[in-house]
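K.L.:
Got a sequence here, can you build the structure:
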Amino acid sequence: MSSPVGLAVHLYASDGRWIAWYRPGLPYLWNTVDRWIGWFPWCDEPTPGVRDDVLDPHDAYLGTVVGDRLLARTARLPRPVPARVPEPQRPVGPPDVDRTIAVPPPIGYVDVAAHRLVGD
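P.N.:
Reported below is the predicted structural model:
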C-alpha cells in the first residue's frame, strides 16, 4: 500500500461485535486474537468498492470494508488476483474493543460468516 502506516482501524459485524482490525498502509487484516485472516490485494485501486475488498490467506473473497464494518457482498464480480502478498509476522494487537452500535448492513451485503474470521 502506498499510504503511510496508521493507527489500527477496528472493523465490526452489523450487530456491533468487534471482528477484525487492520493498519492503514499495510495490506493485512487480523481477527480479534491477532490471527491473519485476510489481505487487501487491490489497495492501490482508485475505486473504494474494489479497494476495500478483502481476500482470505487462500485468495478467496472474504468480505468488503464498508465504513467501520466488514461485510460480505451477496453478489460480486470475480477479479484476477494480483501478485501474492507475503505472509505477515504476528502483529502487536490493537487495544481491546468489544462492541459498537448495531446497524443493519447495506443492501447487497451480509455479515461475514463467523467461521471465516477464525483464520487457519
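
K.L.:
List the buried residues for the lowest-mean-pLDDT helix or strand in the chain?
P.N.:
With mean pLDDT, DSSP states H and E as the measure, the helix or strand of the chain carrying the lowest mean pLDDT is helix 48-51 (a mean of 82). Buried positions in helix 48-51, judged by neighbour count with 16 or more other Cβ atoms under 10 Å: residue 51. Yep, even glycine has a C-beta here, placed from its N, CA and C like the rest.

K.L.:
With just CA atoms, put it into CSV.
P.N.:
C-alpha atoms of helix 48-51 as CSV (Å, rounded to 0.1, in the frame of the first residue of the first chain):
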residue,chain,number,x,y,z
PRO,A,48,-13.4,2.4,-3.0
GLY,A,49,-15.6,-0.7,-3.5
VAL,A,50,-12.7,-2.6,-5.2
ARG,A,51,-10.0,-1.1,-3.0
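
K.L.:
just use 2 as the starting number from now, easier for me
P.N.:
In the new numbering, first residue 2, that becomes helix 49-52.

K.L.:
residues making contact with whatever helix or strand comes next after it?
P.N.:
Scanning forward in sequence from helix 49-52 by DSSP states H and E, the next helix or strand is strand 54-56. Counting by Cβ atoms under 8 Å, 6 or more residues apart in numbering, strand 54-56 makes contact with 30, 39-43, 62-66, 71, 77, 80, 82, all of which sit outside it.
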